[in-house]
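> Build the 3D model from these lines:
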Amino acid sequence: MHMPSIRRLFASIVLLALILASASLAAAWPYSDFFTAANPQHLSLTIFASGIGAESLYAASHEGFQLEQTLNPYIGVVGRVAGYQIYQGGGWDNPLTATPNTRPRNFGVFMGGIDVMPFQGTSLTILGGRDVGDSSGARIEGDFSSWIFLHSRHPINFSFSGDHFYNNGLSSGMVDLRVVVASSRELMWLVGAGGQIWAGGSVPGVQKEFGPDFGVVFREWKTSVDFQAGYGNSHGYGTIAVTRRFGWDE
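Numbers count the residues shown, from 1 in each chain. Model prediction:
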């Protein structure tokens, strides 16, 4: 599978997700209040950190924050600042050129864009920006998330994220499908499966890895902790991610 094929695959996944979301959520059309400011307007801050490790001598971490301001009920503007540390090897989220890692590589990422929310529980964020530091190229990113059967006892979440790194020509994507298996006033538990796929640049063919997901949401703190472990071209791997959200109505 070459680069045009993998880009068509990413586009097909996003299109399928939009079809599923539109079939399961009743949305008014046309959006008569599209040109009306959100009331109330909402400012959110998300802080995040994650770590990745694989048997094939790849280890990385990244952390940062994202600000989002609503413009109307369906669109918000987004800004993101993150720092990356790549300790060894190459992986799906690595914008560096293929050179041996003689030391940890560090770089920052500055991105901005829009968040489109066409239906309740559905979001498509499109971002562009640039790296600074050991990576200095431009990058683009698209993040999609949709809750299906949102008002049932066991909602299902489908998410997909795609990146293209101009520094080394690599394109990558993450996909997850998870279901809420239990929920209380304090906690929400999610179980599912997901993985990563990447190609381009100096990567030989299409690489992939998949495995089960486990997540827990602490409702009062608006904090989520997610784990994934599995197997693929990078052999055994594991990831952990922590996210905390804050929000203010204006």
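> ok, which stretches of this structure are strands?
In order along the chain, the chain carries the following strands (DSSP state E): 42-54, 58-72, 75-88, 105-116, 122-133, 138-148, 156-165, 170-183, 187-200, 207-218, 223-232, 237-249.
> mean confidence score for the third one?
Over the span of strand 75-88, the pLDDT mean works out to 95.
> Name the residues of it that are buried.
Of the residues in strand 75-88, those buried under the neighbour-count criterion (16 or more other CB atoms under 10 Å) are 76, 78, 80, 82, 84, 86, 88. Where C-beta positions appear, they are placed from N, C-alpha and C, glycine not excepted.
> and of those, the nearest to residue 39?
Out of the buried residues of strand 75-88, the one with the shortest distance to residue 39 is residue 76. That distance is 14.0 Å, counting by CB to CB.
> is it true that the closest one touches residue 67?
No - at 9.8 Å, residue 76 does not count as touching residue 67 under the criterion of CB atoms under 8 Å.
> Would you reformat the buried residues of strand 75-88 as a markdown table and include distance to residue 172?
Supplementary listing: the buried residues of strand 75-88 in a markdown table, determined by distance: CB to CB, whole Å:
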| residue | distance to residue 172 |
| --- | --- |
| 76 | 25 |
| 78 | 20 |
| 80 | 17 |
| 82 | 15 |
| 84 | 14 |
| 86 | 14 |
| 88 | 18 |
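> rewinding a little: with distance to residue 94 as extra columns, can I get the strands of the chain in a markdown table?
As requested, these are exported to a markdown table (distance: least, CB to CB, whole Å):
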| stretch | distance to residue 94 |
| --- | --- |
| strand 42-54 | 10 |
| strand 58-72 | 7 |
| strand 75-88 | 6 |
| strand 105-116 | 9 |
| strand 122-133 | 11 |
| strand 138-148 | 12 |
| strand 156-165 | 8 |
| strand 170-183 | 7 |
| strand 187-200 | 9 |
| strand 207-218 | 11 |
| strand 223-232 | 15 |
| strand 237-249 | 13 |
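> between those, which one is nearest to residue 98?
Between residue 98 and the strands of the chain, the shortest separation by CB to CB is 9.8 Å, and it involves strand 170-183.
> Can you tell me the centre-most residue of this structure?
Centroid-nearest residue in the chain: residue 161, 4.4 Å away (criterion: CA atoms, centre = their mean).
> Any figure for the gap between that residue and residue 214?
As judged by CB to CB, to the nearest Å, residue 161 and residue 214 stand 19 Å apart.
> ok, what's across the strand from residue 213?
When bridges are taken as DSSP bridges, the partners of residue 213 come out as residue 192, residue 228.
> OK, contacts around it?
Contact partners of residue 213, counting by CB atoms under 8 Å, 6 or more residues apart in numbering, are 176, 178, 190-194, 226-228.
> Now the buried members of the residues you listed.
Members of the contacts of residue 213 that pass the buried threshold by neighbour count (16+ other CB under 10 Å) are listed as 176, 178, 190, 192, 194, 226, 228.
> just to revisit the earlier point, closest to residue 239 among the contacts of residue 213?
Taking the contacts of residue 213 together and measuring to residue 239 by CB to CB, the closest member is residue 228, at 4.7 Å.
> what does stretch 127-145 rub up against?
Counting contacts by CB under 8 Å, 6+ apart, the residues outside stretch 127-145 that touch it are 14, 17, 78, 80, 84, 86, 95-96, 105-113, 122-126, 157-168.
> Could you check it and say which residues are buried?
Of the residues in stretch 127-145, those with enough neighbours to count as buried (16+ other CB under 10 Å) are 127, 129, 131, 134-135, 139-145.
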